[in-house]
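Trainee: One predicted model, sequence on top.
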Amino acid sequence: MGNKQRSSLTQKILLIVLSFMVISQLAYLYIDARSFEKSYVDIVRSNLHAAGISIRNNLTNILEKGIPINKLVGLEPIFNEILADAPNLSFLAIYDNSGNCMYYSDRERFIDGDDAVKAGRNSSRFSLSFPLQTTGGKIEGKLVTGIDQKQISKQVRSIILDTGTIILISILATIDFLFFIVAFTIEIPLKRAAADISLAKNPERTGLSIRRTDIDFLDHALDRFDRHRYLFRVRWLRFNDLFLSFTRALKYHKPQDPAIDEPVRGIQSIITRFTSESKEQPRPVVIGSPVLIRPAVFLFVFAEALSISFLPLYAGEIYRPLWGLSKEVIIGLPISAFMLFTALSFPVGGALADTLGHRKAFAIGAAVTATGLVLTGTTNNILTLIIYRSIAGTGFGILFITAQGYIVSTTSISNRAEGMAIFLSAFYGGTLCGSAIGGMVAERIGFRILFYSGAAITVISVFFIYFFMTEQPGSGFQTGKKSGAGKIFQQFVSLLPLPGDFIKLLSNRNFAALTIFQSIPNKICLIGFVYYLAPLFLKSLGSGQSDIGRHIMGYSLMMILFSQTVSKWSDRHFTAKPFIFWGGVLSGLSLIPFFFFTNTWMVAIGIIMLGMSHTISVSNQAKMASHLNAVKEIGVGPGLGVYRQIERLGNVIAPILLGLMSSIFGYSKTLALIGIFTVLSSIIFQVIYREEAVAANR
């Protein structure tokens, strides 16, 4: 099956499944919203009915003492207290028997007399009425309590947003797992059968059986194919026996004749080709696919991303003064520690994959990550939180690099970009889903349970690896250096970038310009803004945890929607420098408006704009690095390794830098200053970087 046909089949299946899914979920969203509104109003009515009866009884007791309904005094403090204790109550009003409003009180004012009559005319369908009836049965008027329609709309809107978020998450999760299902149940079985057929058509391998696909109509065809091959083989062997008898009889009864011997030898040669096999032929090499690891990548990224929207807030809850540093710096250290140990564990993950195989390396990484997540959920101390996040980061780095290594080992140069696109799609899909779900769940059941849930999900990802992923020999990393045979430490050392490589590359004008003035500033924007400052900023603006998660997922959504399209477009018009420059400028411009606007909408727009700008610049930065002559001189593998390590320096310093700045300037000015820094860095990059002639690969 060709790539275009396979892609078309996958797209059709995906379109059919998603169409039914989206339609059904939108219908469910409408029904759920209406049902929730009705249920919520009923609950509020029930609560306010009990409160209304209590207020009515008190008013009735006053009226029974002979005080006229138009002479009541001291109601304002009583009504204000009642309104303060009942968030779903919008107003209280007292009417006389003529239907005129005598007293009216809402959250902004208390009025009586003619003004109250005017205010009381604003009727509401969400209200309850209680007659003010004395013991003697006389009705003096009525008490009306209004249900706050804004509060109802707010709750309904919250439910719609939560349900809409879940629909989006379910679509992304379905895409990831559907691609896996198609690959596992259709693509790979067909590839195996095609490989067997390719071998079986050779004359020497006519006895090789074709592995089945578990697709009924194809397996029936393969059964017929095998029967025909079997009958052909039996008849051919019978013919061979007859021919051998003929040649023996010919040799015994008649002297050799060149006119007969030559065609006889030709026939014997043909027969030998079909009958030389006497034992079972070996199977073709195990067929793997980068799609097989997609669910595992999605799950382990999802598990870690559950805490993205609240980790700085969690650190703030258990904060204690430490090392004389400001609170803003201290609560950023767990993120910095995670990023640092993630980067440091990359060579460890490569060494484990090379020596133990991808499955065992993935299992080790998952075990370390799960341990770190469980410990993170138990800590009540900021110092131990930093340590436990370091443990989780170590495991995450091993998982990350092992997954990339598996994709490299199951792809060739021609389809490696497609394989890495699969990885990035699963990575950003897991990040988006994890951050959104984490925010919604944390608002309802707290932070700690999500760390335990993340640990469990990380362990589940290992089952996908062992049940569905075929082991590939080697991790696919080509470093150009000798590695110890089967020794993890030697493999680890062989994968470490050499100090001389750092010096040589950083002394190169273009490499230094790319890393210092583009890669690091972009990482500072991403980690410092989205992962660290955005949750704190949004919380200070009064946003709930669900809203924080939804805002943060905007970055990943932009990367999923546009990164591959922009990357393909830039490949066709390869001039990386303009993409990188304008992407950096847009990154800065997405933050500069914080000088003038400090609201939740600005944070949401800033995150989305940052995601859009990174779709333009980030992928092109790696491409530019791989094409630099200085990188090619030391080898593309080691050169990109150095580039990635320097790039991740921005991940590590971002929370510390923005924490220090926010303790001095506040959140909004800090973001604006980082935006100015990013724009200036892009301008410096544009001035320093020089296009260079393409050097031959060494």
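Mentor: Now that the structure is in, tell me what you want to look at.

Trainee: So Leu311 versus Val41, what's the distance?
Mentor: Using Cβ to Cβ, to the nearest Å, we find Leu311 at a distance of 37 Å from Val41. C-beta: built from backbone N, CA, C; applies to glycine.

Trainee: List the contacts of Thr145.
Mentor: 48, 51-52, 55, 89, 91-92, 127-128, 130 (Cβ atoms under 8 Å, 6 or more residues apart in numbering).

Trainee: can you list the residues you listed in a markdown table and add distance to Ile605, pLDDT and secondary structure?
Mentor: As requested, the contacts of Thr145 are exported to a markdown table (distance: Cβ to Cβ, whole Å; pLDDT from 0 to 100; DSSP: H, G, I helix; E, B strand; the rest coil):
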| residue | distance to Ile605 | pLDDT | secondary structure |
| --- | --- | --- | --- |
| Leu48 | 38 | 77 | helix |
| Ala51 | 41 | 77 | helix |
| Gly52 | 43 | 79 | helix |
| Ile55 | 45 | 79 | helix |
| Leu89 | 35 | 78 | strand |
| Phe91 | 36 | 78 | strand |
| Leu92 | 40 | 80 | strand |
| Ser127 | 38 | 74 | strand |
| Leu128 | 41 | 77 | strand |
| Phe130 | 47 | 80 | strand |
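
Trainee: Which helix or strand contains the spatially closest residue to Thr384 that is not a sequence neighbour?
Mentor: Sequence neighbours aside, Leu375 is the residue nearest to Thr384 in space, at 7.6 Å (criterion: Cβ to Cβ, 6 or more residues apart in numbering). Following DSSP states H and E, one finds Leu375 within helix 358-378.

Trainee: so whichever helix or strand comes after that helix versus helix 358-378, what angle?
Mentor: Using DSSP H and E, the next helix or strand after helix 358-378 towards the C-terminus is helix 382-409. Counting by axes from the mean of the first three to the mean of the last three Cα atoms, to 10 degrees, helix 382-409 points 160 degrees away from the direction of helix 358-378.

Trainee: quick one on the thing from earlier: just the C-alphas of the helix holding Leu375, formatted as CSV.
Mentor: Output of helix 358-378 as CSV, limited to C-alpha atoms (Å, rounded to 0.1, in the frame of the first residue of the first chain):
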residue,chain,number,x,y,z
HIS,A,358,13.7,0.9,23.8
ARG,A,359,11.2,-1.1,25.8
LYS,A,360,13.4,-1.4,28.9
ALA,A,361,14.6,2.1,28.6
PHE,A,362,11.1,3.4,28.4
ALA,A,363,10.1,1.3,31.4
ILE,A,364,13.0,2.7,33.4
GLY,A,365,12.1,6.3,32.5
ALA,A,366,8.4,5.6,33.3
ALA,A,367,9.3,4.2,36.7
VAL,A,368,11.5,7.2,37.6
THR,A,369,8.9,9.7,36.4
ALA,A,370,6.1,7.9,38.3
THR,A,371,8.3,7.9,41.4
GLY,A,372,8.9,11.6,41.1
LEU,A,373,5.2,12.4,40.6
VAL,A,374,4.1,10.3,43.6
LEU,A,375,6.7,12.0,45.8
THR,A,376,5.7,15.4,44.4
GLY,A,377,2.1,14.7,45.6
THR,A,378,3.2,13.9,49.1
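
Trainee: Which positions in it come out as buried?
Mentor: By 16 or more other Cβ atoms under 10 Å, the buried positions in helix 358-378 come out as 358-377.

Trainee: before we move on, the earlier item: pick out whichever of the contacts of Thr145 sits closest to Ile386.
Mentor: Leu89 (46.1 Å; Cβ to Cβ).

Trainee: how about the closest one, what does it touch?
Mentor: Leu89 neighbours (Cβ under 8 Å, 6+ apart): 48, 51, 82-83, 145-148.

Trainee: If it is in a bridge, with which residues?
Mentor: Ile147 (DSSP bridges).

Trainee: Dump the contacts of Leu89 into JSON lines; add distance to Val530 as well.
Mentor: Shown next, in JSON lines, are those (distance: Cβ to Cβ, whole Å):
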{"residue": "Leu48", "distance to Val530": "42"}
{"residue": "Ala51", "distance to Val530": "44"}
{"residue": "Ile82", "distance to Val530": "43"}
{"residue": "Leu83", "distance to Val530": "39"}
{"residue": "Thr145", "distance to Val530": "44"}
{"residue": "Gly146", "distance to Val530": "42"}
{"residue": "Ile147", "distance to Val530": "39"}
{"residue": "Asp148", "distance to Val530": "35"}
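
Trainee: Of those, which is the most crowded?
Mentor: Thr145 (25 neighbours; other Cβ atoms under 10 Å).

Trainee: Correct me if wrong, but that one is in a helix.
Mentor: No: going by DSSP: H, G, I helix; E, B strand; the rest coil, the assignment for Thr145 is strand, not a helix.

Trainee: Where do the helices of the stretch 151-300 of the chain begin and end?
Mentor: Using DSSP state H, counting those that start in this stretch, the helices of the stretch 151-300 of the chain run over 188-200, 216-253, 258-275, 294-305.

Trainee: Point out where the stretch 451-600 of the chain drops to low pLDDT.
Mentor: Along the stretch 451-600 of the chain, segments meeting pLDDT under 70 span 470-498, 568, 570-574.

Trainee: could you pull out the helices for it?
Mentor: 488-495, 499-506, 509-514, 520-523, 534-540, 545-572, 576-589, 600-627.

Trainee: Need the contact partners of the fourth one.
Mentor: When you say that, I think you mean helix 520-523. Residues outside helix 520-523 that contact it (Cβ under 8 Å, 6+ apart): 583-584, 587, 614, 617-618, 621, 646-651, 654, 677-678, 681-682.

Trainee: Could you report the neighbour count for Arg227?
Mentor: Neighbours around Arg227, by other Cβ under 10 Å: 10.

Trainee: What's the separation between it and Ile210?
Mentor: 11 Å.

Trainee: swap in Ile69?
Mentor: For Ile69, the distance to Ile210 - Cβ to Cβ - is 94 Å.

Trainee: Likewise for Ser90?
Mentor: 74 Å.

Trainee: Ala33 now?
Mentor: For Ala33, the distance to Ile210 - Cβ to Cβ - is 54 Å.

Trainee: re earlier: can you redo the helices of the stretch 451-600 of the chain as JSON lines with mean neighbour count?
Mentor: Shown next, in JSON lines, are the helices of the stretch 451-600 of the chain (neighbours: other Cβ atoms under 10 Å):
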{"stretch": "helix 488-495", "mean neighbour count": "18"}
{"stretch": "helix 499-506", "mean neighbour count": "14"}
{"stretch": "helix 509-514", "mean neighbour count": "20"}
{"stretch": "helix 520-523", "mean neighbour count": "23"}
{"stretch": "helix 534-540", "mean neighbour count": "23"}
{"stretch": "helix 545-572", "mean neighbour count": "21"}
{"stretch": "helix 576-589", "mean neighbour count": "22"}
{"stretch": "helix 600-627", "mean neighbour count": "21"}
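
Trainee: okay if I get the ones you listed as CSV plus distance to Pro189?
Mentor: Converted to CSV, the helices of the stretch 451-600 of the chain look like this (distance: least, Cβ to Cβ, whole Å):
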stretch, distance to Pro189
helix 488-495, 34
helix 499-506, 44
helix 509-514, 44
helix 520-523, 42
helix 534-540, 45
helix 545-572, 27
helix 576-589, 40
helix 600-627, 33
